[in-house]
Structure formats: structure tokens, C-alpha cells
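Student: Take this sequence and fold it.
(2 chains)
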Amino acid sequence: MTVRQWLLIGPLVLLLAISSAPAASGQSTPTGDAAAGTCIPEGGIPEQDSYLIGMSQANEGEPWRQAMNDQISSAAAAHPELEVVFADAAQNNAKQVADVENFLQQGIDLLIISPNEAAPLTDVVAKVCAEGVPVIVLDRKVEGDQFTMWIGADNEVIGQRAGEYAAAFCAEQALDPCNIIEIRGLEGSTPAKERGDGIRAGIAANPSATIIAEQNADWLREKAIPVSQAMFQANPDVDVVYTHNDPMTEAAIISAQNAGLNLDEILFIGIDALPTPDGGIRSVIDGRIDATYVYPTGGAEAIDYAVQILEQGETPPAEVVLETEEVVDENAQELFDKFTGGGAEATPAA
Amino acid sequence: MEQAALEQRTVPRENSQRALDILLRFQSVFGLIIILVLAAILSPVRDGNNVFLEPRNLLNIIRFASENGIIAIGVTLVILTGGIDLSVGAVLALCAVGAAAFMTRYDLGTLPTVLLVLALGGFVGIVNGLVTTRFNIQSFITTLAMLGVARGVASLWSGGYAVPLAFGDGEGLAPARFKAIFGGQVNLLGLEIPAPVFYFLGVGLIASFLLRRTGFGRHVYAVGGNETAARLSGVNVDRVKVIVFAISGLLAGLAALLHAALVNQGSHIDGNGYELNAIAAVVIGGTSLAGGVGTVVGSMIGALTLSILDNILGLRNVQSEYQAILKGVIIVLAVVIQRQRR
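Tutor: Residues are numbered from 1 along each chain as shown, chains lettered A, B, ... in the order given. This is a model prediction of the structure:
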């Protein structure tokens, strides 16, 4: 996966990084005209007719991040004075550094960044901040405090909510033991660890609920199909399937069907609940996934705060933790309409 | 005159080639048997049954080998000519998006969809071949570029999200026949055999026949063995190359149909890294990346070997880090053993 991307983009980015390096070193000292940690120049941001916002995305290939971009676009559409330019780092730290440098060259008034990784992006974000350009960091953090604010959600809390839901299901159905299998996101990634830790905390109160098998499927639907097929083969007595994202839940449902298991007797829980045609909310509406949890992208909120910072001269809170929402049969359609701006799509038959 | 002389010289070489082929094929079969036996021994046992050896599990293994196997067969042909096709994973994504879009957005039936998708895959392959031969660029570069192009087009076409495939009658729904043909099961001798298995075996048979029994097949080996000699002896080298790339693209298209039917969607991010899985299968199957030496059957066995590994490691609930390490070791081991035999 990364080999392909490295081969493709690596040399280009190296060239870019090398060619932009001298400029970077000349400007890296903080100018001191920005208050520490806010990035807002002392006299405030001068009033303008229009504002240019740079949005640096870690990887548009992930549906959740695509949704973040889309939510930023549609939120910004309500503010004609805002122009948003997007850059996609395609999962490459070096490319994302170059993207941000490019934004500075373009003279952005505010940076929104969803970093690919914390440490490699910290310096360039600090540099933007030092130039008096406010920075809103989404989802993954950067190190230190050289940014205006961070907006994100808590994966562990979400995992715990899912675990509590599973434990309640086990108790309600009087299942003892209650067998849970877990399909995990990319091994070593922070959200996979946190979503895994979360469910363990969530089911702790019900000793009959136990995770009997766990496998990694890299967040991918196509990979989760053979993985879950083998898991069902080894453990046909499954009561709950917990996956770290909705595409892998969909995969587990396909596999369970192939294995001849009774789908009605198994609880399928996912995470992310994207309001997209291929997303988890649609799946709940169509009666496949039983419960999924919104992992908010913060896209719309980022634009709200950008307006506050740029146009109203306000200093926002340093940290905003977004709440999740449990999506089940009862509220799925309502939430879908809410997130897509109302009845965007008719419900097709499942 | 020259022609005759050359032919005389190639005859004994072809015999030794055949002997080598058999040896190599024997090697990959041998590896497959070892892995099978190990998997059966290491398999978890439930209610006195060996889980790995349950017919349903064995069929799953072949089913999940099918996509990679079909792609690997196409890549084998390209590699035999001394080239490489890195675009197959992206072509699979493009064709899967195409399949889903044709049926759900443009409301096409199963047959037109299948023909269009195969044509699309074949077309991309032909472009790979033409760019490689006309501009005399290494196929590594051509197909690396195509990988980016195909994925970019797929992403634009899908609009950045997967195109969902729901089956049934009505607007926005794909024909149930498509699911049955590419993702269904066929009841044979009391066994529910997944449809992909038939495509895998069928493609393998046809490709083997093409390579061993036709002039085209001999030309493929000739081009990969010694391109200059092949050219001098009157083989239309460029045409052979374009055809193998076309076949590789077409087979990536076929794999895309199976993929879309399996995952119920066409996604621009699917098939990431599939080119490397296919190359792994080809290498385990004993085909030389230098070209000229190798078999389709070997690559099929390579795909099966990888699928068995995935399956038994999953059944045993082995951590993914160890799975990755083990796969790497086995690929190198397979090549080392081949060297010993030579």
C-alpha cells in the first residue's frame, strides 16, 4: 500500500521538500508578533472582504477524511466571503509539510489541518502560527501548543459506548457466555488502539461478555471479508461482532451470510457512521448494521470557529471535544437527514 | 535460411525449457503440499472436527485465492515477456467502480456491464502496452504511471466515495443476476462451490493452453527469453507485448467483477497493493522476474499458498505482525529453493 504511494509520490515530494528548504530556514524564527498559543496577531486580524482558508488533509483516500472535506466545503458555502483551498497529502508526511508551505506562499488567512502524524507536522504548523496565521487542528494532534485550537473526538469514549451497548445486549438476551469477536483497524494506529481499549472498558461490567477472537483488517472492507470468514469458521458461536469501522462491519455481515449464520441473532456494531451513500448510517437504515457510533469529523465546526476567529475577532477555546451519537434503527433516518441537510436521498429497499 | 538455422537451435533449448518447467512446477506443488499439511496439523479442532479441513473452509480458501489468482495469471504473462504490470490493483478499482456505476447509475443490465468492464480493463492494458512499445519505455514506469491515472479516474468517477451495490429490481439497484453469476454458489456433488472458483480455474486452463499449445505462447517465452533473438527470428515483439498487457488488464477487469460482487460495492480505494500480492503469487509459483521462465499453474499455486497462509493464521488468531513477517519469509524461501534446484 504505502510502497505504491511512496514510489509514486516520494520522489516528487523529495524534490519539492529540497527546493523549498532554503526558504523554510530563512523564515523559521518566530517573529514574536503573535501571542503564544493563539497564532492571532496582536492587533487582531485586519478586516477583509474575503478570506482564504487552506485545508491540508492527510489522506483523501479514506472515506471519513473525504467526508471531513465535504463537510468543510458545504459549511463554507454558507459564507460567500470564505474561499477554501484543499490539499491532499495522500498519507505522506513530507507531502503534507510541502502542502502547508504552499499554502503560506498563497497567503492563506487561516489554516485548517488534519495531520497525517503529530511529530512530523509540528514544526511546519508552528511556523504558520509564528507568521500570525491562525491554525485549527482537526482529529490528530500536533505536539506543543503552537496552534490556535484543536477539534476532535474521543475514540476511547466511543469504543466504551459500543462496549456498553454490547454488554447490555448480552444481558438482555441472557447470553452466558456472550461471545464477541473484534475486527480491528490498522495495527499500531492510535484509533485502533483506543477503539480496542474502549470496548474492553465498556464490557467490563458484564463478566459473561468476552472477546474470544480479534484480528486486524487494516480498516478495509475488502480485507475484512476473508479475515472475518476465517474467524466465523473458527468461532461459529458468535453473539456480537464489534468492528473498528463500518466498512469492516459490512464485510463481517457478508461473511456471516456466506457462513450460513443467522444474522438476526448476531449484534453487529460499527464505528464512524458517515452520512454518505456507502456509510454506516445508510447501512443502519437498510437494516444491516445494528448500531454504529458517529465519529464526528469536525469539518463543520472548524468553519464555524474560523468565522469566529477571522470575522468576529474572538479567541476560541484551545480544545473542543466533539460528542458521539449512537445510531440505531430508531434514529438513523433522522440523523441521516440532519447530516446531509434534509432528505437528500430517498431510502432504497434493502 | 536464417530462419531454419535459428529454429534448429531453439529445438533443444525448448526441450530443456520444458524439463525446467516441470521441475519448477513440481517445486511449487511441493511447497503447496507442505503448507497444506502444516495447516491441517496446526488447525484448531472443534467437536472433533479439523476446522481447516472442513469442505466449506477449503472452498473459502480457493474463493479468496481466486481474485489474486486471476490477476496473477495476467501478470504472469506480462512477466514472462520480461515486463511488469504494476497497474492491476488500480485497474481493478477502476473497473469495480465502473461495474457499480454502470448498473446503479446508468441502469445497464448484467451483460452490457460485463462487456463494458472487460473492455475497459482490456483498453487500459492496451494503452499500457502501446505506451511501453511505441515510446520504448520500461513497463515498470508505464504501469506505475497508469496506476496513478487509473486510481485518479476511479476516484473522480465514484465521487470520492464507494458506489454501493444493492441488488434487486428497481431504479438504482443492480440486477440480482450479477450477484448470482459472480458472487453466487453452484451446487455440485452436494458442495456449495463459490462462483469465483470456476472463473479462476477456467482462466487458468485457457491461459495454460494459450502458453503451451499456441504459437502466441511460444512467442511470449521467446520475447522474455531473448528479445533480440525473438525479433530477429521474425516474432512481432511489440504485438506480443501489447497483447499480454491487454490480457492482464482484461483479467484485472474480470477480477473487478468478482470483487464488486463479493464486497457489494465499487470503491476507488479497493485493490490497493494487489499488484504486489499478484507478484508474490507469481514468484512463489516459480516464475522468474527476468522473463522467459515460468508457468501459469505455478502462479495459481502461488495464489493458493498465500490464501492458505491467510486462512490458517486467521483460524489460529495469529497477530497480524507475525502474519506479515511469515509471508515475507516464505516468499524469499520459495525463491531460494528454486535457485537450489537450478
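
Student: ok, the closest residue to chain B within the stretch 251-350 of chain A - contacts?
Tutor: Chain B sits closest to A:D278 of the stretch 251-350 of chain A, with a gap of 3.9 Å, by C-beta to the nearest C-beta. Bear in mind the C-beta positions are built from the backbone N, C-alpha and C, glycine included. With contact taken as C-beta atoms under 8 Å, 6 or more residues apart in numbering or on different chains, A:D278 is in contact with A:63, A:247, B:161-164, B:265, B:267.

Student: again, only using 10 Å
Tutor: By C-beta atoms under 10 Å, 6 or more residues apart in numbering or on different chains, the residues touching A:D278 are A:63, A:221, A:246-247, A:250, B:100, B:158, B:161-165, B:264-267.

Student: So which residues of the stretch 151-300 of chain A form helices?
Tutor: Using DSSP state H, counting those that start in this stretch, the helices of the stretch 151-300 of chain A run over A:155-172, A:190-203, A:221-234, A:246-258, A:280-285, A:299-311.

Student: What are the boundaries of the strands in the stretch 1-150 of chain A?
Tutor: For the stretch 1-150 of chain A, the strands defined by DSSP state E, counting those that start in this stretch occupy A:51-57, A:82-88, A:110-114, A:135-138, A:149-153.

Student: about what we covered before: so what pLDDT did the residue of the stretch 251-350 of chain A closest to chain B get?
Tutor: For A:D278, the pLDDT comes out at 88.

Student: Just give the number of residues close to the residue lying closest to it once chain neighbours are set aside.
Tutor: Using C-beta to C-beta, 6 or more residues apart in numbering or on different chains and skipping the chain neighbours, the partner closest in space to A:D278 is B:A162 (3.9 Å). A total of 26 residues lie near B:A162 under the criterion other C-beta atoms under 10 Å in any protein chain shown.

Student: residue contacts, B:A162?
Tutor: So B:A162 contacts A:63, A:221, A:247, A:250, A:276-279, B:96-97, B:100, B:263-270 (C-beta under 10 Å, 6+ apart).

Student: picking up where we left off before, check the contacts of A:D278 for burial and list the buried ones.
Tutor: For the contacts of A:D278, a burial check counting by 16 or more other C-beta atoms under 10 Å in any protein chain shown picks out A:63, A:221, A:246-247, A:250, B:100, B:158, B:161-165, B:264-267.

Student: Tell me the one of those residues nearest A:D304?
Tutor: A:P63 (23.0 Å; C-beta to C-beta).

Student: I'd say the closest one and A:A273 touch.
Tutor: No: with contact defined as C-beta atoms under 10 Å, A:P63 does not reach A:A273; the gap is 11.6 Å.

Student: list residues touching both of the two?
Tutor: Contacts common to A:P63 and A:A273, judged by C-beta under 10 Å, 6+ apart, are A:245-246, A:279.

Student: how near is the closest residue to chain A within the stretch 101-250 of chain B to B:A100?
Tutor: Distances between the stretch 101-250 of chain B and chain A by C-beta to the nearest C-beta are smallest at B:A162, namely 3.9 Å. Separation of B:A162 from B:A100 (C-beta to C-beta, to the nearest Å) stands at 8 Å.

Student: got it, and B:N136?
Tutor: For B:N136, the distance to B:A100 - C-beta to C-beta - is 37 Å.

Student: Near the residue lying closest to A:R184 once chain neighbours are set aside, how many other residues are there?
Tutor: Excluding its sequence neighbours, the residue lying closest to A:R184 (C-beta to C-beta, 6+ apart) is A:N216, at 4.7 Å. A:N216: 24 surrounding residues under other C-beta under 10 Å.

Student: Give the full set of residues in contact with A:N216.
Tutor: Taking C-beta under 10 Å, 6+ apart, we find A:N216 in contact with A:182-189, A:192, A:223-224, A:227, A:244, A:248, B:319-321, B:323-324.
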